[in-house]
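>>> here you go, sequence then predicted model.
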Amino acid sequence: MSMGMAAKTEKGTISICFVQEALACVRDRGLSPDALLLQAGISPTLLAVPQARVSSTHYGQLWHLIAQTLDDEFFGMDTRRMKTGSFTLLCHAILHSDTLERALRRALRFLRVVLDDMAGELVRDGEVVHLRVADKTAGQADNTAPPKRAFAYGTFLIMLHGLACWLIGRRVPLLRADFRCTEPSFSDEWRALFSPQLHFNQAHSGLTFAAAYLSLPLIQDEKSMKAFLRCAPANFLVKYKNSTSLSAKIRRHLREISPAHWPDFATLAQQFHTSTATLRRRLDEEGQSYRVIMEDLRRDWAISLLCDTASSLGEIAHTLGFAESSAFHRAFKKWTGARPSAYRCGTPPLAVSAVTAVTADDPAVFPPAHVPTAPPAKSVD
């Protein structure tokens, strides 16, 4: 397999923690999740492996299957079901707004009607804007009710942020993300999805970003919406990650090179026109290291290749730069806690998940936005 084909195959992966969270409502209703997992192309055995990951496409398929099974696109996390088709109607309701601000305000009004327990609002604060989410009690958004599951706040915010990015055709960089609940075990996943600046046990849940984005026009139409809905929610979880960070730039750089020829750290620093000390410091500030970036990239490629191609294990090992299949087996078990064969136990996913997802690191799809540099985030504590 060529590096070009491999780069197109690798779509990013999702922690098994999010699979467990999504299945909580299935178990609460006394239903077995195994049939849904197999139909989505996910082996049920992976649930017992804490460090396991699944492809974003397969997770998106599971999301759809759960929503269809329960007739609830919010996973049973509100006292009122968000019936199947609600998200499509939401897209129709906001598609013809003239600016992102008008679209988001309409989206928040729509969700106030659809959901009983959560309400969002946009609050301008100088050059930044806060998209705040409050818990409702007896119809009032007063935050007097106990905090919800972290997954509930995350799902609400992922929907809105994903919509915002798609509507304007570029990522909306987040200055910080706040959650009213305690920190969950999967918070590291959110640092990549939302922002490194995560804060828990806050007065409100919400996202903070530069207010300049609110004035941007929408670029989507009915035709592009159909393609968007076919890929949702996998596109929320992969396409809209932070593509401007140093680690994302390194990841993009490595995806264009055969793993057998990936540069050592000193050479990488030269290629990025900086010193090794500066490069290491900047990666440290993002909580990353070059070794971890390389391992994560190999892991995500491996999972995508195992799930979405008919390549043999030997071919996959060669594509990823391993001299022997046995070395690939050992590395894969270290990365995911499972054998490569565990990712080929599920039945093929349905057609909706076969749409090729564009990765978060694709600058051609989400170029840097031409907006003023945002000031440091102001506290919303």
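Arrived safely, thanks for sending.
>>> show me what contacts W335?
Listed by C-beta atoms under 8 Å, 6 or more residues apart in numbering, the contact set of W335 reads Q51, E295, R298, R299, A302. C-beta: built from backbone N, CA, C; applies to glycine.
>>> most neighbours out of those residues, which is it?
Taking other C-beta atoms under 10 Å as the neighbour criterion, A302 ranks highest of the contacts of W335 with 26 neighbours.
>>> secondary structure element for that residue?
Under the criterion of DSSP states H and E, A302 resides in helix 290-308.
>>> what's next to stretch 277-293, contact-wise?
191, 196, 245-247, 250-251, 254, 265, 268-269, 272, 274.
>>> re earlier: restrict the helix holding A302 to CA atoms and write it as PDB.
Extracted C-alpha coordinates of helix 290-308, given in PDB (Å, rounded to 0.1, in the frame of the first residue of the first chain):
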ATOM      1  CA  TYR A 290       7.700  13.400  19.400                       C
ATOM      2  CA  ARG A 291       7.700   9.800  20.400                       C
ATOM      3  CA  VAL A 292       4.000   9.900  21.500                       C
ATOM      4  CA  ILE A 293       3.000  11.600  18.200                       C
ATOM      5  CA  MET A 294       4.700   8.900  16.100                       C
ATOM      6  CA  GLU A 295       3.200   6.100  18.200                       C
ATOM      7  CA  ASP A 296      -0.300   7.700  18.000                       C
ATOM      8  CA  LEU A 297       0.000   8.200  14.300                       C
ATOM      9  CA  ARG A 298       1.100   4.600  13.700                       C
ATOM     10  CA  ARG A 299      -1.700   3.400  16.000                       C
ATOM     11  CA  ASP A 300      -4.500   5.300  14.300                       C
ATOM     12  CA  TRP A 301      -3.200   4.200  10.900                       C
ATOM     13  CA  ALA A 302      -3.100   0.600  12.100                       C
ATOM     14  CA  ILE A 303      -6.700   0.700  13.400                       C
ATOM     15  CA  SER A 304      -8.000   2.300  10.200                       C
ATOM     16  CA  LEU A 305      -6.200  -0.200   8.000                       C
ATOM     17  CA  LEU A 306      -7.400  -3.200  10.100                       C
ATOM     18  CA  CYS A 307     -11.000  -2.000  10.000                       C
ATOM     19  CA  ASP A 308     -11.400  -0.500   6.500                       C
END
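>>> buried stuff in that helix?
290, 293-294, 296-308 (16 or more other C-beta atoms under 10 Å).
>>> repeat that for stretch 107-114.
Buried-residue list, stretch 107-114, by 16+ other C-beta under 10 Å: A107, L108, F110, L111, V114.
>>> low-confidence stretches in the stretch 251-381 of the chain?
308, 345-381 (pLDDT under 70).
>>> can you show me the helices along the stretch 151-300 of the chain?
With DSSP state H, counting those that start in this stretch as the definition, the stretch 151-300 of the chain shows helices at residue ranges 187-193, 222-231, 234-238, 246-255, 265-271, 276-285, 290-308.
>>> quick one, which of these is packed in tightest?
Ranked by mean neighbour count under mean count of other C-beta atoms under 10 Å, these are led by helix 234-238, which reaches a mean of 24.
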